[in-house]
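Novice: The sequence and its predicted three-dimensional model are supplied below.
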Amino acid sequence: MQSSRIIRTWHDFACKYRDNTAEHDMRETALSVRERRIRLVMYIQLDGQILYYEKTGSGEPLILLHGNGEDHHIFDELVRAVQNRFTVYVIDTRGHGESATPKEFHYRDFGTDLNNFIRDFHIENPTIVGFSDGAITVMCALLEKKQSGENGGILKAKKLILCGGNLTPAGLRFSDKSKIKKDFSKTKNPLDELMLKEPDITPEQLSDFTMPVTVLAGENDMIKEAETKRIAAAFPNSTLEILKEQTHTSYVIHSDFLKDYI
């Protein structure tokens, strides 16, 4: 297994330190006086995959995972709302934002990246929010960790919040799936292809995970309500809420709505 390393991309305000697993280079970037917070802006190489992430705030660890075709900025408002209570990690998924683009896209690899991130930063008992593809990433990470026979990591998460996730492409509403197919026929975007072919998760695979899980979806979501209920029913310690007058994205993207669920 390759060790992780932080890659320095700035020269001003850079400091270097060493821990027992890797040499880290970082730059601390002060944001506006109005925001009054320090954000660490960094890249990390995890088993060959370079991911961009930001870390801000103080308190218990919170990891935020965005959806397909987005980046960490969708959580800017939420980060500002919770940074006084949590140490917040926002990650650009492989092939998104400022993270490196792989040759192929598979949700299982997104899950591997999440597990490696938690492992290499020694993050204990995190709360994890996964939106859309981010929710799928969390479920894939759980399955990978279980299959490995290892303890700890995501299996010791304090809480999981899964927003607008699906178990298979059949969980997408027909009209939304048709639109993705149409877009893919024109653009051949591999991220559209990913949504059309994956994931492939069964409810039975999720039945052994006993951490608290909150499952959310909008009343007007692109995910079938039956699929959302199927996910919630699969986890033995879950709560389900279908959010009135909300869409797939409205309560997550550039919103602090989730702050009361964390």
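Specialist: Noted; the coordinates are in hand.

Novice: Just the buried positions in stretch 236-253, please.
Specialist: Buried residues in stretch 236-253, counted by 16 or more other C-beta atoms under 10 Å: 238, 240, 242, 243, 246, 247, 248, 249, 251, 252, 253. In this view, the C-beta of every residue, glycine as well, is placed from N, C-alpha and C.

Novice: Just name the closest of the residues you listed to residue 225, please.
Specialist: Checking those against residue 225 with C-beta to C-beta, the nearest one is residue 242 at 6.3 Å.

Novice: tell me which element that closest one is part of?
Specialist: In the assignment (DSSP states H and E), residue 242 maps to strand 238-247.

Novice: In the stretch 151-262 of the chain, what residue spans correspond to helices?
Specialist: Assigned by DSSP state H, counting those that start in this stretch, the stretch 151-262 of the chain shows helices spanning 174-187, 190-197, 225-234.

Novice: by how many degrees do the first one and helix 190-197 diverge?
Specialist: Interaxial angle of helix 174-187 relative to helix 190-197 (axes from the mean of the first three to the mean of the last three C-alpha atoms, to 10 degrees): 140 degrees.

Novice: so how far is helix 174-187 off the chain centroid?
Specialist: 24 Å (C-alpha atoms, centre = their mean, to the nearest Å).

Novice: Tell me where the stretch 1-150 of the chain has strands.
Specialist: 5-7, 14-18, 23-30, 38-46, 49-57, 60-65, 86-92, 127-131 (DSSP state E, counting those that start in this stretch).

Novice: By mean pLDDT, show me the worst of those.
Specialist: Note on the strands of the stretch 1-150 of the chain: strand 14-18 shows the lowest mean pLDDT, a mean of 29.

Novice: Now residue 212: closest residue in space, sequence neighbours ignored.
Specialist: residue 159 (4.8 Å; C-beta to C-beta, 6 or more residues apart in numbering).

Novice: one step back: any idea of the mean pLDDT in the strand holding residue 242?
Specialist: 98.

Novice: Describe which strands it pairs with in its sheet and in which direction.
Specialist: Using DSSP bridges, strand 238-247 pairs in its sheet with strand 213-220 (parallel).

Novice: list the contacts for residue 53?
Specialist: By C-beta atoms under 8 Å, 6 or more residues apart in numbering, the residues touching residue 53 are 42, 43, 44, 72, 89, 90, 91, 92, 117.

Novice: wait, residue 237
Specialist: Residue 237 neighbours (C-beta under 8 Å, 6+ apart): 210, 211, 212, 213.
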